[in-house]
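**Q** predicted coordinates and the sequence they were generated for:
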Amino acid sequence: MTEETPIKLAMTGKLSYEDDITVAQAAQIITYLHSGAIPAAPVGPPESVGEVNGSAAPGRRRAGLNPRDALESAGAKTNPEKIVAFALYVEQQGGKDTFTMDDIKPLFRQARETPPKNLSRDLDAAVRLNWIAQASDKGEFFVTEVAADVLESGFDSIRSGRGGGTKAKPTASRRPRRASLPTPEAFKDIEITPSVDGYGNYHKVKTQTDKYLWAVNAAKLWGVETLTNPEITWLTDKLGACITPNSLGGCYRDNYKRAYVNRNTEGKVRVTPAGIEHLASLSAGASQ
């Protein structure tokens, strides 16, 4: 047998490996195994290591996660859920807080999943569930706080409360009670009124999309430049016609498409000059 004669190497355990190697390479491996050398363990606290004893460190996403791992960690079953899991994978791998559909498309094949026939529709479904929202840059999205932890906690923790699971409809004799919303810190010293000079009355605004815009603009006039989704829900509830969390995504999308609102780097909503101009025209039309 010469040094060039191939030898079949096979190793089994938690990981399996098989390859053809040379006699010289085999001799080096045998020498190493008999030397008793042990690779150094990672240094640092458990949360800085991707996995500890085969399980994910608590409170952290696992290092070395691949697209298939992301789906299994989240327990993603539907296409909208898979999009969210892949988005979190992109966030982890790329070190950025936003993603595009071009980031997501190849991950289905990498995870051995059949690509959706209508990815845009599935993305819209994730937006309606308030798992994903549009970022300020066109074509970019981000995972909301509602779904930010599904790689650790799984989708079971949010399906029933966000429309992703089976949910019994309330009967006429037993209507669910809506919990009162706490006053956001930014609004504690502000008097909320449904009328604003130059922009008319909130209750005279006809569409929910325009009510959403009216509220964001009113907040700006009162000194609150940007709003989170919970703050928009609280404000519109205080104004007397609440826009619920399930409707926020649609209202944002409609206004964003017309360049009336966008998000800052923290993901908070702000009104644009075009949005302010639109509201002013609505007020002018209503007064004629």
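**A** Done, it's in.
**Q** tally of neighbours for Ala85?
**A** Neighbour count for Ala85, taken as other Cβ atoms under 10 Å: 29. The C-beta positions use only the backbone N, C-alpha and C, and glycine is treated the same way.
**Q** that one contacts Thr78, doesn't it?
**A** No - with contact defined as Cβ atoms under 8 Å, Ala85 does not count as touching Thr78 (10.6 Å).
**Q** tell me the average confidence for stretch 203-218?
**A** If you average the pLDDT over stretch 203-218, you get 92.
**Q** ok, residues contacting it?
**A** 194, 196, 199, 202, 227, 232, 235-236, 239-241, 243, 247-248, 250-252, 254-255, 260-261, 269-271, 275-276, 278-279, 282, 286 (Cβ atoms under 8 Å, 6 or more residues apart in numbering).
**Q** of those residues, buried ones?
**A** 194, 196, 199, 202, 227, 232, 235-236, 239, 243, 247-248, 250-252, 254-255, 260-261, 269-271, 275-276, 278-279, 282 (16 or more other Cβ atoms under 10 Å).
**Q** which of the contacts of stretch 203-218 fall within helices?
**A** Secondary structure from DSSP state H places 232, 235-236, 239, 247-248, 250-252, 254-255, 275-276, 278-279, 282, 286 of the contacts of stretch 203-218 in helices.
**Q** chain neighbours aside, what residue packs nearest to Leu235?
**A** Leaving aside its chain neighbours, Leu235 sits nearest to Ala215 (5.0 Å; criterion: Cβ to Cβ, 6 or more residues apart in numbering).
**Q** what pLDDT is listed against the closest residue to Ile192 other than its chain neighbours?
**A** Spatial nearest neighbour of Ile192, chain neighbours left out: Lys238 (4.8 Å); criterion: Cβ to Cβ, 6+ apart. Per-residue confidence (pLDDT) for Lys238: 88.
**Q** tell me where this protein has helices.
**A** Under DSSP H, the chain gives helices at 23-35, 67-74, 79-94, 101-110, 119-128, 150-153, 156-159, 208-221, 229-239, 245-257, 273-287.
**Q** so which of those comes closest to Ala10?
**A** Evaluated over the helices of the chain, closeness to Ala10 peaks at helix 23-35, with 11.9 Å, by Cβ to Cβ.
**Q** quick one: mean pLDDT for that closest one?
**A** 66.
**Q** quick revisit: from Val269, how far out is the residue nearest to Leu235?
**A** The span separating Ala215 from Val269 equals 10 Å under the rule Cβ to Cβ, to the nearest Å.
**Q** then Lys206?
**A** 21 Å.
**Q** next one: Phe155
**A** For Phe155, the distance to Val269 - Cβ to Cβ - is 25 Å.
**Q** list the buried ones in stretch 264-273?
**A** Gly267, Lys268, Val269, Arg270, Val271, Thr272.
**Q** can I get the residues you listed in a markdown table with pLDDT and distance to Glu185?
**A** Formatted as a markdown table, the buried residues of stretch 264-273 follow (pLDDT from 0 to 100; distance: Cβ to Cβ, whole Å):
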| residue | pLDDT | distance to Glu185 |
| --- | --- | --- |
| Gly267 | 88 | 17 |
| Lys268 | 91 | 14 |
| Val269 | 93 | 17 |
| Arg270 | 94 | 18 |
| Val271 | 94 | 20 |
| Thr272 | 95 | 25 |
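**Q** beta partners of Phe141?
**A** Phe99, Gln134 (DSSP bridges).
**Q** so what's it up against?
**A** Phe141 neighbours (Cβ under 8 Å, 6+ apart): Ala87, Thr98, Phe99, Thr100, Leu123, Val127, Ile132, Ala133, Gln134, Ala135.
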